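**Q** Show me the folded form of this:
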Amino acid sequence: MTAELTRAPLLRAAPADGHCHGGNTLTDLFAHNLPVEQVSPHPDFLARAAIWRDHAAGLISRAEASRRSAAIGAPHPLVMQGMERREPPAHRPRHTRPSPDESRQYAQPMATTAARDDRLTPNAKAFLQVLRARCGKGRETTITKGTMGAVMSRSARTIRRYLVDLVRFGYVELETRRNARGLHLGLTVRLTGLVMPFFDEAKGLARWLAETPKAAFVPFSGSVLSGNAGVTLLTPKNQSHNNSLHVARKTGRKAAWKIDPGRVAFPA
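**A** Residues are numbered from 1 along each chain as shown. Prediction:
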């Protein structure tokens, strides 16, 4: 009895709807299955196919097609490292920033042309003053964008923008420093005449002397007034008359004389 319950019939009766043709149900097993849906290709496959079609058309090289095909579907570098994007730090108010370190650096005389140039940003003007201080008594200095970024508390990209503006408007000239192997070591900054004071060049000093009124600049006027060539008169502003003989003649008193052991007479 148990064996009869566990047995399953091998054949079933043909359905009454007439789908079976030929009388055998095994020949029409797929008639009762649902139609198979057509699966669409993966988007990555379509993207790679489009890239290789461009390569076949001669639009891109094989190396470029391989690079683009490998980049499709690749995880983001931050995802590969297990990192998440973080929000940028909040902007720190200017009055709460730390004060600069003490320094003995000072700037030599420079023209105020850059300070009055409205095309430059205030930070670019301050950066030009620091460059003038680094040049000392000359006109050239060697820098790197990273070092100047640390000095100015700015990024290297910001220092690059300052240099681009200063070069564009003619305040500095740049030259790349290289070693014997051709590697870049930094930048050589050369200040132009717009930064230097007017008396730094002979032409500027001569132009100023030519524009100065004659009454305001009369050299060696004392020798002309004295009547003797090569002799200048002493002015009361710079020299006081403390001669005792001259005082005695005016007051009518006799000057007291004494003799030292070396028999040299001089007024007391």
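**Q** Correct me if wrong: residue 51 contacts residue 65.
**A** Yes. At 5.3 Å, residue 51 counts as touching residue 65 under the criterion of C-beta atoms under 8 Å. C-beta coordinates here come from the backbone N, C-alpha and C atoms, glycine included.
**Q** Counting neighbours, which bits of stretch 125-136 end up buried?
**A** Buried residues in stretch 125-136, counted by 16 or more other C-beta atoms under 10 Å: 125, 127, 128, 130, 131, 132, 134, 135.
**Q** what does stretch 49-58 give?
**A** 51, 55.
**Q** same deal with stretch 176-189?
**A** Within stretch 176-189, judged by 16+ other C-beta under 10 Å, the buried ones are 187, 189.
**Q** And the contacts of it?
**A** 131, 135, 140-145, 163, 172-175 (C-beta atoms under 8 Å, 6 or more residues apart in numbering).
**Q** same thing but at 7 Å, please
**A** If you take C-beta atoms under 7 Å, 6 or more residues apart in numbering as the criterion, stretch 176-189 is touched by 131, 140, 141, 142, 143, 144, 172, 174, 175.
**Q** and if you look at stretch 148-156?
**A** For stretch 148-156, contacts defined as C-beta under 7 Å, 6+ apart pick out 127, 130, 145, 146, 158, 159.
**Q** Could you give me the buried positions within it?
**A** Residues 148, 149, 151, 152, 154 are the ones in stretch 148-156 that count as buried (16+ other C-beta under 10 Å).
**Q** Endpoint to endpoint, that stretch covers what distance?
**A** End-to-end distance of stretch 148-156 (C-alpha to C-alpha, to the nearest Å): 8 Å.
**Q** could you flag which of the contacts of stretch 176-189 are buried?
**A** Among the contacts of stretch 176-189, those scoring as buried are 131, 141, 143, 172 (criterion: 16+ other C-beta under 10 Å).
**Q** among the residues you listed, which are in helices?
**A** residue 131 (DSSP state H).
**Q** I'd like to know which of the contacts of stretch 176-189 are part of strands.
**A** 140, 141, 142, 143, 172, 174, 175 (DSSP state E).
**Q** Let me have those in CSV, extended by pLDDT and distance to residue 72.
**A** Formatted as CSV, the ones in strands among the contacts of stretch 176-189 follow (pLDDT from 0 to 100; distance: C-beta to C-beta, whole Å):
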residue, pLDDT, distance to residue 72
140, 95, 51
141, 95, 49
142, 95, 46
143, 94, 43
172, 96, 46
174, 95, 42
175, 94, 44
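**Q** For the residues you listed, work out which two are farthest apart.
**A** 142 and 172 (12.9 Å; C-beta to C-beta).
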